[in-house]
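[1] model this:
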Amino acid sequence: MPAMTLRARWLVFISSEVDRTNSLVTRFLDFARPLAIKLEKTDLAQVIDQAVSDIEKHSPPLDVRSTKTTPRRFRHSYWMVN
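    Down below sits the predicted model:
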């Protein structure tokens, strides 16, 4: 009879550890889940200018070249790549 009591205690312990592990994994997955993305219209030229400015200020300097272009040339370049 005492063996059953010990077995029952182990089953309760194992069950509680499984629940605790499940909770831990669930919380980790919630933490790792990406935030919801909120899309909004923006001025692409301003975003690019800011990115170029950030690259130019980077320390140590990054080996990146940029050039200004016209909207027509940009569209042409875009279609050539895609």
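[2] how about the helices of this protein, start to end?
    Counting by DSSP state H, the chain has these helices, from start to end: 2-32, 44-57, 71-81.
[3] contacting residues for the most centrally placed residue in the chain?
    With distances taken as Cα atoms, centre = their mean, the residue of the chain nearest its centroid is P34 (5.4 Å). Counting by Cβ atoms under 8 Å, 6 or more residues apart in numbering, P34 touches no other residue. No exception for glycine: its C-beta is placed from N, CA and C like everyone else's.
[4] With S23 instead?
    Applying Cβ under 8 Å, 6+ apart to S23 gives no contacts.
[5] now it: how far from S16?
    As judged by Cβ to Cβ, to the nearest Å, S23 and S16 stand 11 Å apart.
[6] Mean pLDDT and distance to K38 added to the helices of the chain, as CSV?
    Shown next, in CSV, are these (pLDDT from 0 to 100; distance: least, Cβ to Cβ, whole Å):
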stretch, mean pLDDT, distance to K38
helix 2-32, 91, 19
helix 44-57, 88, 16
helix 71-81, 79, 25
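[7] TSV for those helices, including distance to R65?
    Output for those, formatted as TSV (distance: least, Cβ to Cβ, whole Å):
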stretch	distance to R65
helix 2-32	36
helix 44-57	10
helix 71-81	14
